[in-house]
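Participant: need a structure here:
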Amino acid sequence: MLVGVMSDSHDNIENVVKVARFFKKKGVKLVIHLGDMVSPFTLARLATELEGVKVEAIFGNNCGDKPLLIKVAENVGASIGDPPRVLEIGGRKFLLIHGYGDVETAVEIAEALAMSGKWDGVLYGHTHKVDYRYFQGRLLLNPGEVAGALEEPTVAIMETDTLKVKIYKIRELQ
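Facilitator: Numbering: from 1, shown residues only. A predicted model of the protein is given here:
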């Protein structure tokens, strides 16, 4: 199954719309947002653009009105909650976290979780930096940021059968 993975959109609606349309064109069946979506209107627009594609999301450290985000998610058929969340997708288990502390700490925690071997993949955000590696066949993935605030905006598409990942620069999306 193809899964779109994104993080740290920080209400950049223009990029969220580009990404949603790209994911639909690529045929993703699920979109995972790894936190810092921030506002309920961003979730609503993402789900509207993805019509028919399931959205699973977690809160990040910059999410504002969590009760309203939950209500909007329910209204648009999406799901959002506190990290950590475990999703089973295509017979594989994925741990979704946002990140904690500074960049180095967030990466160390994500690496330790991936190295534990408990999940097929550990997906995280928070650092705004692309990171994908494998530890004994287990995936560690940070798709970078959608916002374009600190780094060039990027997203990922993951193939759950093979755990292969492709990173896409949002400015190059067709």
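
Participant: for residue 161, which three-state class applies?
Facilitator: coil (DSSP: H, G, I helix; E, B strand; the rest coil).

Participant: that one - how many residues pack around it?
Facilitator: Residues lying near residue 161 (other C-beta atoms under 10 Å) number 10. To be clear about C-beta, it is placed using only N, CA and C from the backbone, and glycine gets the same treatment.

Participant: quick one: contacts for it?
Facilitator: By C-beta atoms under 8 Å, 6 or more residues apart in numbering, the residues touching residue 161 are 1, 90.

Participant: hmm, 7 Å instead?
Facilitator: Taking C-beta atoms under 7 Å, 6 or more residues apart in numbering, we find residue 161 in contact with residue 90.

Participant: next: residue 152.
Facilitator: So residue 152 contacts residue 169 (C-beta under 7 Å, 6+ apart).

Participant: that one: which element?
Facilitator: Per DSSP states H and E: residue 152 is located in neither a helix nor a strand.

Participant: thought residue 90 was touching residue 158?
Facilitator: No - contact criterion C-beta atoms under 7 Å: residue 90 and residue 158 do not qualify, at 10.3 Å.
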